[in-house]
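*Asks:* Provided below are the primary sequence and the corresponding predicted coordinates.
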Amino acid sequence: MNIPGPLLAYYGDDFTGSTDAMEAMTAAGVPTVLFLDTPNPAMLARFPDARCIGIAGSSRGRSPEWMKAELPKAFAALAALKAPILHYKVCSTFDSSPSTGSIGCAIDLGVQQMAGRWSPTIVGAPRLRRYQVFGHLFAAVDGAGYRLDRHPTMSRHPVTPMAESDLRLHLAQQTTRRIELIDMLQLRQGTAAARAAALQADDVPVVMLDVLDDETLLAAGRLVWEQRGAGIFSASSSGLQYALAAHWRELGLLPKEPSLPVAEAVPAIAVVSGSCSPVTAAQIEWARDHGFRTERLQLPQALAEATRDQEIDRVVAVAAAALAEGRSALVFSAEGPDDDSVIGFNAIARDAGLSRADAARRVGTTLAEVMRRLLDRVPLRRVVVAGGDSSGEVASALDIQALTVAAGLAPGSPLCRVWSPVKARDGLEIVLKGGQIGGADFFGLARDGRQPGR
């Protein structure tokens, strides 16, 4: 491409989503690096060929007050890289609320960093089975499609349940900014460019772009790239990367067939899971039935200050013993949304003297400490973390400076290579898995690798 420097810079609102975005670009043939903190010049110099640069964040579980204090610094650092598109990467289920993970708040902060007069939003990502049609978001689970407000998981998310599938109405609860739509018919009929031009103004409206299939994905990517102007801010899922890559591929700037290396098998892996998703619950059940040693983290003990250390040592000992026998080990805090620990979480938090938010964060930091102590005790090549918040806490606890994609596994959850100043961590392989990602055998796949052609 004849554009020097980065083509895209992004901030991920959680760690699993950040690796999803990194995978999309890397597979397309765009060298990408994901930092865990704002990179300094020396850190950037380690990746001179990177054309996409990301920062993994935790704003999805944060308040608007936190976002207003932290996001401007990150956005400014990314904008300084002079990429034509500054991307706030959100989950492809768009779950958020005015008080937690407000996408509207992030947009209001981000548009200040770019000169563009519109802020396009692409949420649909067919590869991840996410589809936006006339502004409404749908997701497929086990071959069945659901409107987001009727989705079996997202409609009852414990923190940010989706009660509205029309993303314009959902986002309007989080910002007073004008919100518009370019629908799938306009994208297919060739009138989208004229509409996008007409919508642009000094108030920098959010413009939702429908994506249903490869045709509308390509059209959306073409529209964003051709109307990027002097630079735009976009709060989007990894659908934005898939759309841009499709357009760049059409122009002959990228390889025709996206691809990633195949992951090799390892003898055993360690997994920690803080996910409440039924998808992850099925994966835990599969692991239990296929030789993994699964051990529940007892939340009352883990959250109480007096017993937390003892509980961590207990589960680490169980996992280490299994690994010594050649078995993979999995430590989890919940097994699906109907788990007693999820239903009774408020009471467990109250008994520990914590707010719900603080208790949820402590679950993540506890699982992070479990993984840290386990790695200090047992040398492992590969580990897996399930759950967005848990992934952030674990990655932060392992002295990880940056991640790159090592191989593909399941769409949205690549195998990553760790870059760390700590010798024992540098080169570690890690998978950060979102709660909704992967088939029932995901943890087996993470251990055994993906066979060519699978």
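*Replies:* That came through fine. Residues are numbered from 1 along each chain as shown.
*Asks:* the strands in the stretch 201-350 of the chain, which residues?
*Replies:* Assigned by DSSP state E, counting those that start in this stretch, the stretch 201-350 of the chain shows strands spanning 206-209, 232-236, 270-273, 293-296, 329-332.
*Asks:* tell me which of those strands lies nearest to residue 81.
*Replies:* Of all the strands of the stretch 201-350 of the chain, strand 232-236 sits nearest to residue 81, with 13.5 Å by Cβ to Cβ. For glycine as for every other residue, the C-beta is placed from the backbone atoms N, C-alpha and C.
*Asks:* residue 235 is in contact with residue 107, correct?
*Replies:* Yes - using Cβ atoms under 8 Å, residue 107 is in contact with residue 235, at 5.0 Å.
*Asks:* which neighbours do the two share?
*Replies:* 88, 119, 206 (Cβ atoms under 8 Å, 6 or more residues apart in numbering).
*Asks:* TSV for those, including neighbour count?
*Replies:* Output for the shared contacts of residue 107 and residue 235, formatted as TSV (neighbours: other Cβ atoms under 10 Å):
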residue	neighbour count
88	27
119	25
206	27
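*Asks:* now residue 75, nearest residue through space, not along the chain?
*Replies:* residue 113 (4.8 Å; Cβ to Cβ, 6 or more residues apart in numbering).
*Asks:* and that neighbour, how many neighbours?
*Replies:* 19 (other Cβ atoms under 10 Å).
*Asks:* would you mind writing the CA trace of the helix or strand residue 132 falls within as CSV?
*Replies:* Residue 132 is part of strand 130-133 when elements are defined by DSSP states H and E. What follows is strand 130-133, C-alpha atoms only, in CSV (Å, rounded to 0.1, in the frame of the first residue of the first chain):
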residue,chain,number,x,y,z
ARG,A,130,-23.0,-11.7,13.9
TYR,A,131,-25.4,-9.9,11.5
GLN,A,132,-26.8,-6.4,11.4
VAL,A,133,-30.0,-5.9,9.3
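*Asks:* so what secondary structure elements neighbour that strand?
*Replies:* Other helices and strands packing on strand 130-133, by 3 or more Cβ pairs under 8 Å, 6 or more residues apart in numbering; DSSP states H and E, are strand 136-141.
*Asks:* and the strand it packs on, average pLDDT?
*Replies:* In this model, strand 136-141 carries a mean pLDDT of 92.
*Asks:* buried stuff in it?
*Replies:* For strand 136-141, the neighbour count (16 or more other Cβ atoms under 10 Å) marks 136-139 as buried.
*Asks:* so how far is it from its chain's centroid?
*Replies:* Centre-to-centre, strand 136-141 and its host chain are 17 Å apart (Cα atoms, centre = their mean, to the nearest Å).
*Asks:* and stretch 166-183, by the same measure?
*Replies:* So, by Cα atoms, centre = their mean, the centroid of stretch 166-183 is 22 Å from its chain's centroid.
*Asks:* what's in contact with that stretch?
*Replies:* With Cβ under 8 Å, 6+ apart, stretch 166-183 has contacts from 94, 96-98, 102-105, 107-108, 121, 123, 132-137, 162, 164, 192, 195-196, 199, 203-210, 223.
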